[in-house]
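Student: Sharing a sequence plus its predicted fold:
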Amino acid sequence: MNELTFHFSESHPCGAGHFPGNPIIPGALLLDETLARIAASLGMHHVIWHIKSAKFPMSTRPGDIVHANFSPSPNGEIRFDCFVSGNKVLSGTARGSALATTGSTP
């Protein structure tokens, strides 16, 4: 099992509009950040993620510290769980595929 820790700034721009007076980190942003951190820790670059499942049992808020645990399986899937203050905020399974690059920019 691998572990990561990251946080969303208290002044994260999503807080202003999602939702005023009661800001939360959108689930899509939490999922994207989690998968980006997993990819970086595994040395994966230019990854397309195929999400098999993602559940958000509790909200994440600007300023929260997220603790993520993940483990790659032999079939290529990665299982992950994220916690804030011991409470699960995200769990899921995904598979990463390397994005083909041509070596030149359009």
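Tutor: Good, I have the coordinates.

Student: hey, where'd the helices end up in this protein?
Tutor: Listed in chain order, the helices of the chain (DSSP state H) span 14-17, 27-41.

Student: Same list (the ones you listed) but as TSV, adding mean neighbour count and distance to L99.
Tutor: Placement of C-beta: from N, CA and C, glycine included. Listed next are those as TSV, based on neighbours: other C-beta atoms under 10 Å; distance: least, C-beta to C-beta, whole Å:
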stretch	mean neighbour count	distance to L99
helix 14-17	14	26
helix 27-41	17	11
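
Student: of all those, which lies closest to A54?
Tutor: Closest of those to A54 is helix 27-41, at 5.5 Å (criterion: C-beta to C-beta).

Student: ok, now how distant is A54 from F83?
Tutor: According to C-beta to C-beta, to the nearest Å, A54 stands 15 Å off from F83.

Student: Apologies, that question was intended for L29.
Tutor: Following C-beta to C-beta, the distance that separates L29 from F83 is 17 Å.

Student: And for G15?
Tutor: With distances taken as C-beta to C-beta, G15 is found 20 Å from F83.

Student: and the nearest residue to L29 once chain neighbours are set aside, what does it touch?
Tutor: Nearest residue to L29, sequence neighbours excluded (C-beta to C-beta, 6 or more residues apart in numbering): C14, at 6.2 Å. With contacts taken as C-beta atoms under 8 Å, 6 or more residues apart in numbering, C14 has the following neighbours: 23, 25-26, 29, 62.
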